[in-house]
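Peer 1: This is a predicted model, with the sequence first.
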Amino acid sequence: MLTLKEDSLESQTEVEKSKFFSYAFKVFSADEARNKVKRIRDDNPKASHVCYSYILSEGQSGASEDKEPISSFHRLLSLMHHKGIGDVCVVIVRYFGGTLLGASNLDRLYFRLGSDLINDDNVRPLMDFIYFRGKIRTSLFTSFKKEIQAGGGIISSFFNGPDVDVDFFVHNTEGSFFSYFMTYEEYKREEK
């Protein structure tokens, strides 16, 4: 799992007289992410659009293109998920400069500005984690998830079916590998 190296990052660019102010923040809850977006919106009352994506290490996420004719913030959310980024909120403010950029150009620009903030130079491992992948019976998944999260582990993705295919990260500290492995094995035994 990766997160920002710094607590926050900022950049700005101008394209065809439209000004774009880009921000990335470390956040640890959906409320904190929404509050960052609200603060930026309040600080920029004349902005045409305030778009954002956020993803938490526990998997909760959100995105909004703020009525722009684009999908780049949902794609940015997918990129953060794919790269294993968590506890990050990306916000881009646009002041319209009078020239229409075209939906596809605008979409590419927003995506580039957002992905530049979360590039490899700006992220670091969240903690030292060990990655597991396994299957658990659907009826046991909720209690397994609670147990992993109670120990500071992170369920990064899961797919429901008759069994749940689950990817999860656990802290790599002395003894934790064994305890998480045993937790997983206990759940596997209950399936039989």
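Peer 2: Sure thing, it's come through.
Peer 1: what about the nearest residue to Leu117 once chain neighbours are set aside, distance to Phe144?
Peer 2: Distance criterion Cβ to Cβ, 6 or more residues apart in numbering; nearest residue to Leu117, sequence neighbours excluded, is Ala24 at 4.0 Å. Bear in mind the C-beta positions are built from the backbone N, C-alpha and C, glycine included. Distance of Ala24 to Phe144, given as Cβ to Cβ, to the nearest Å: 32 Å.
Peer 1: Which residues are in contact with the residue most central in space within the chain?
Peer 2: By Cα atoms, centre = their mean, the chain has its centre lying nearest to Ile55, at 2.4 Å. The contact partners of Ile55, by Cβ atoms under 8 Å, 6 or more residues apart in numbering, come to 61, 77, 80-81, 85-88.
Peer 1: For Gly97, which non-adjacent residue is closest in space?
Peer 2: Nearest to Gly97 is Lys17, by Cβ to Cβ, 6+ apart, at 2.7 Å.
Peer 1: was I right about Val170 contacting Ile148?
Peer 2: Yes. The pair Val170 / Ile148 is scored as a contact, 6.9 Å apart, by Cβ atoms under 8 Å.
Peer 1: just for the protein, where's the confidence low?
Peer 2: 126-130, 151-152, 156-160, 171-192 (pLDDT under 70).
Peer 1: quick one: the strands in it?
Peer 2: Here the chain has its strands, by DSSP state E, at 2-4, 8-15, 18-26, 49-55, 61-64, 88-95, 123-125, 129-137, 154-159, 163-171.
Peer 1: Out of those strands, which gets nearest to Ser104?
Peer 2: Proximity to Ser104 (Cβ to Cβ) singles out strand 8-15 among the strands of the chain, at 13.6 Å.
Peer 1: what's the burial count for the residue nearest to Lys5 when sequence neighbours are not counted?
Peer 2: Counting by Cβ to Cβ, 6+ apart, Arg124 is the residue found nearest to Lys5 once chain neighbours are left out, at 4.8 Å. Number of residues near Arg124 (other Cβ atoms under 10 Å) recorded here: 10.
Peer 1: Look up how far Val91 lies from Arg124.
Peer 2: From Arg124 to Val91 the distance is 21 Å (Cβ to Cβ).
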